[in-house]
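In: Could you work out the structure for the sequence below:
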Amino acid sequence: MTRSPFHRLVFGTLRRLLYLWVRSETIAQSAFSLKLDRSKPVLYVLQQPSLSDLAVLDHECSKSGLPRPVLPVAVGGLQEPAAFFYLNREADWFGRQDKRGASPTLVRLVNAIGQYAAEDAQIVPVSVFWGQSPDRETSPWKLLFADSWAVTGRLRRLLNILILGRKTRVQFAAPIHLRELVEQGKGQERTLRMVNRILRVHFRNQKTAVIGPDLSHRRNLVKGLIHAPLVRQAINDEVEREKISVEKAEAQALRYGNEMASDYAYTVVRGLEVLLSWFWNKLYDGIKLNNLEGVQHIAQGHEVIYVPCHRSHMDYLLLSYLLLRNGLTPPHIAAGINLNMPLIGSLLRRGGAFFMRRTFKGNPLYTAVFNEYLHTLFSKGFPVEYFVEGGRSRTGRTLQPKTGMLAITLRSFLRSHRLPVVFVPVYIGYERVLEGRTYLGELRGATKKKESIFDLFKVLGAFKQRFGQVAVNFGEPIRLGEFLDQQQPGWRQQELGPQFRPDWLNDTTNRLAERVAQRLNEAAAVNPVNLVALALLSTGKLALDERALVRVLDLYQSLLRQVPYSPHTTLPEGDGQALIEYVKGMQLVSEQKDALGKIFYLDEQNAVLMTYYRNNVLHIFALPALLASFFQSSARISREQILRFTRALYPYLQSELFIRWSLDELDAVVDQWLVALVEQGLLKVEADVYVRPAPSSRQFVLLTLLSRAIVQTLQRFYMATALLLNAGQNAISAEELEDLSTVMAQRLSILHGLNAPEFFDKTLFRHFIQTLLDEGVLRQDEAGKLSYHPLLSELAEGAAKRVLPAEIRLSIRQVALERSDEEAVPV
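Out: A predicted model of the protein is given here:
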C-alpha cells in the first residue's frame, strides 16, 4: 500500500478525500512530544489494520511536525519501506481476526536491534478513536457506529467514518525503546512475546481510559444487583423485619436500583459537549486547566474517583466536559436525589449521574442496593465522581467532609482490590460563581431554597454579568492502597468479616476525608478576585486608596511566590494594578475619585459576597497571617516564643481550614515565612528575636492588614474558650457551648460591625469544640458535661493577648461574664 510511489499517491489521494469529511485532533500532544527523542528512528503501531486510522495518524503527524508513518525509516542496516505496523492481523469483512504471531515488521526490528549494538528504535503506540462511546449491549446504534470493544469489520468502519468522523481523536503514547527490551537478553522469541504483551496491555488500558469499560445494559445491571449476596441478605432481612413476601422485597430493591442507577448515553454526552462548548464560551472568558497530564497517566489501569470541591452546580458539567474534551472517560457522578427533577433528572442520568438520597438511615435495603451499585461501578473500572463536602459550600471555604461515600468506597476496596483505586482531587475556582445572588441571600441568613426546574430560567439572566475565568486544577492523587498501608499496616492479611467493616474503618475513613480536603486545598487557584477581597475585607472601612491597594496586592503575590503553598497551587498573572483593573471590570469593587486620586471600596452587597471569594484562599494565608498577628501587641518576639504560640494554635487552624502541613513540618515552614516577612520588610531580625516596624510606618500597616485575614477565626476560638472558662468545670455540654458561642458571635458582629456571615456559623464552633476534644484539652463526663485542662485559661489568655485587640478581648469577656451573672440570679 505505501511501499511504492504509486501506492503513496493513492494513499495521499484517499487521505485528502477522507478529510473532506473527517475532522481530527490529537489528545495530550505536548506531554507525548516531551518524551520523544527525535534523534532516533520512530515507528508507529496501531492496534488493528485500518487504512482510515493510518490516514488519520499520517494527517496528525504532518500537522504536528512528527515523522510520517508512510515514509521509509532506517534502523541500523534495516530499511523499512514504512514507519508503521499493526499489532493484530487484518480482519475479514465480518470482523473475524487471527491474532497469532507477531508483525513481520516487528520481527525485523527486533532482529536488527539485536545485530547492531549501537542502534535503537522508538515504538509509539497510537490509538484512534472515532467518537468516545462505551459499548452498550442490546444497543444496535452503538454496536454499529460507536467505538467499542468489539473487533470492527469494514462495513462498520465505513459507517463509523460517516457517523462519527467529525469527532475523531488521536492519542500518542510514550515511546517504547526496543534497545532496553533487547538488552534484557531473553532471546528474540521471548523479546517479541514481551513486546506484544506490553502493547496489548497498553491498548487495553488506553481504551478503558478513553471510552470506558464495557457497559452492560442498564436494565441488566440493575437486575443483577438483587442477586448479589449482600443484597440477598438485606432482602431476607427486609422480609423478616417487615413481614412481607420475598417478591415484594425484591420489587422494592429493583425500584431502589432504578431510582439510583445512571443511564449513560453517548448521544446525550456528545450533545451536552456541543451545548456546553457554546455555554462556556458565552458565560466565561476562558477555562484554565492545570496538572491534567498526571490524570491522563494514572487513568490507565486504575479505578479513578474524582473528588472535586463543590462550589456550584456547574461543577458537575464542567469536569465531565473537560475530561471528555481531553480524551478521558466522563465519570459516573453521584448527585443528590433533589436534582432528579422532571426533564433535568433524565438529562443528568443520561449524562452519567446516579442519584442518592440524602440519608440512608433506617433503610438497610436501600443501603445494601446502593453499596452494591457502587461496588459494581468500582469493580468494572468506571470512573466515578462524588463531592466529599456533600453539598455546595455557601461560604466559599472547604466544608467539613461527609464520610459516607468514602466509607462505601473503602468497604468496596476491602471487598475486592483487583483494580487499584486512586482519588483525584479537583479544585474548581470561579472568579464569579453562577449562584452568587443565591449565596448572597443565604450568607445574609436566608433559608436555603430547594432546587427547582425554574432555576434554569435564572441562568439566562446571568449572561448580563461578566463571570471571568474558571480554573480547574487537578491535585496530587491519593492511592488508596498506599494510604491503607500507612494507616493500617497488614490490612490485606486481616480478617474483615462478611460486611467488610473492620474496627478501624471509621477512624481511617475520617483520616482519609481530611487528606482529601487537604489535597483539595493544595490545588487551590488564587485569582484576582480572591486577592482583592482579602485586601479590602482586612480594612476597617472596606476601602483603600489605589496606591495602598496596589502595594498590598503586590505584597501578597510576592509572599506566595517566595513561599509557595503547594506545587499544585496556581497564581494569577499581572501586578497589583492589573488585578485591580480586572476586578473593577467585573463590577465587584466600586471606585471613587477625588483630587488626591482613586479610592476603591466594597458596597454593602459586594462586601458580603466578597467574603465568599476571600474564604476560597483563606487557608493559604492563615499561617503568615497568624505570624503577623503576634506582632500587633508585641514589638519584639523571640523565635522560640513564636514557635510555641504557633504550635498551640495551629491544630485548630489546620482542622478548620485543612492546611496541608503536619506538626512535624510546622517549625520549618514557620521559618520560611519569617524569612519571607523579613525580606519584604514587614519584620526585622536581631539575633534570634524578630522586631516589628514602627507603628507609624507603611510596613506596619501592611503587616496589620495581613494579620486581619485570620483575626475573625481567632476571635471565634477565644469566644468559645471564654464561655467555657466562665461556666466552670463540668457545668456545660458541648451542644450548649456551641449554641452560646453562636449567640455571642451574632452579638459581637453587630457591636463591632463584622461583615462576615460565617463568623457565627454554628458548624465552625461545633468543629472547634470537637477539635478541643480530639486534642485532649476537653473531656466529657457521663452526663456530657465538659471539663477542661487546668492550663487552658493561661494558654487562652496568653495567646489572646498576642493576637487579638484589647477591645475585642474585653467585649468577649464582658458578654461571657454577663451570661454567668444571669445564670447566678435565681428565678
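
In: Would you mind putting the CA coordinates of stretch 53-60 into CSV?
Out: Coordinates of each C-alpha in stretch 53-60 appear next as CSV, following Å, rounded to 0.1, in the frame of the first residue of the first chain:
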residue,chain,number,x,y,z
ASP,A,53,-6.8,5.0,11.1
LEU,A,54,-3.5,5.2,9.2
ALA,A,55,-4.7,8.2,7.2
VAL,A,56,-5.7,10.0,10.4
LEU,A,57,-2.4,9.2,12.0
ASP,A,58,-0.5,10.4,9.0
HIS,A,59,-2.5,13.7,8.9
GLU,A,60,-1.9,14.3,12.6
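
In: buried residues in it?
Out: 53-60 (16 or more other Cβ atoms under 10 Å). Every residue, glycine included, has its C-beta placed from N, CA and C.

In: pLDDT, secondary structure and distance to Leu414 for these - can I get that in CSV?
Out: What follows is the buried residues of stretch 53-60, written out as CSV (pLDDT from 0 to 100; DSSP: H, G, I helix; E, B strand; the rest coil; distance: Cβ to Cβ, whole Å):
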residue, pLDDT, secondary structure, distance to Leu414
Asp53, 88, helix, 42
Leu54, 89, helix, 46
Ala55, 90, helix, 48
Val56, 91, helix, 44
Leu57, 91, helix, 43
Asp58, 90, helix, 48
His59, 90, helix, 48
Glu60, 90, helix, 43
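
In: Now render those as TSV, adding distance to Gln465.
Out: Below are the buried residues of stretch 53-60 laid out as TSV (distance: Cβ to Cβ, whole Å):
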residue	distance to Gln465
Asp53	45
Leu54	49
Ala55	46
Val56	42
Leu57	44
Asp58	46
His59	41
Glu60	39
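
In: Closest to Glu797 out of these?
Out: Glu60 (68.8 Å; Cβ to Cβ).

In: Please list all residues in contact with that closest one.
Out: Under the criterion of Cβ atoms under 8 Å, 6 or more residues apart in numbering, the contact list for Glu60 reads 24-26, 66, 170.

In: Take those residues and lay them out in a markdown table including secondary structure, neighbour count and pLDDT.
Out: Listed next are the contacts of Glu60 as a markdown table, based on DSSP: H, G, I helix; E, B strand; the rest coil; neighbours: other Cβ atoms under 10 Å; pLDDT from 0 to 100:
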| residue | secondary structure | neighbour count | pLDDT |
| --- | --- | --- | --- |
| Ser24 | strand | 21 | 86 |
| Glu25 | strand | 13 | 84 |
| Thr26 | strand | 22 | 85 |
| Leu66 | coil | 21 | 89 |
| Val170 | strand | 22 | 88 |
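
In: Return the closest of these with respect to Ile642.
Out: After measuring the contacts of Glu60 against Ile642 - Cβ to Cβ - the closest member comes out as Thr26, at 52.5 Å.

In: Where do the domain boundaries of the protein fall?
Out: Dividing the chain into domains by automatic domain parsing, as the record does, gives the ranges 5-211, 219-522, 526-616, 628-702, 711-824.

In: Ok, which of those domains comes nearest Ala622?
Out: That would be domain 628-702 among the domains of the chain, by Cβ to Cβ, at 5.2 Å.

In: What are the contacting residues of stretch 486-500?
Out: For stretch 486-500, contacts defined as Cβ under 8 Å, 6+ apart pick out 230, 411-412, 414-415, 484-485, 502, 504, 508, 511-512.

In: Now the buried members of those.
Out: Members of the contacts of stretch 486-500 that pass the buried threshold by neighbour count (16+ other Cβ under 10 Å) are listed as 230, 411-412, 414-415, 484, 502, 508, 512.

In: Among those residues, which are located in helices?
Out: Judged by DSSP state H, helices contain the following of these: 230, 411-412, 414-415, 484, 508, 512.

In: for the stretch 401-550 of the chain, what spans make up the strands?
Out: Along the stretch 401-550 of the chain, the stretches classed as strands by DSSP state E, counting those that start in this stretch are 421-430, 469-474, 478-479, 543-545.

In: Each with direction, which strands does the third one pair with?
Out: Think strand 478-479. Looking at strand 478-479 with DSSP bridges, its paired strands and their directions are strand 421-430 (antiparallel).

In: was I right about Phe600 contacting Leu588?
Out: No. Using Cβ atoms under 8 Å, Phe600 makes no contact with Leu588, being 10.2 Å away.

In: The two: who's more crowded?
Out: More crowded of Phe600 and Leu588, by other Cβ atoms under 10 Å: Leu588, with 25 against 22.

In: Thanks again, I'm all set now.
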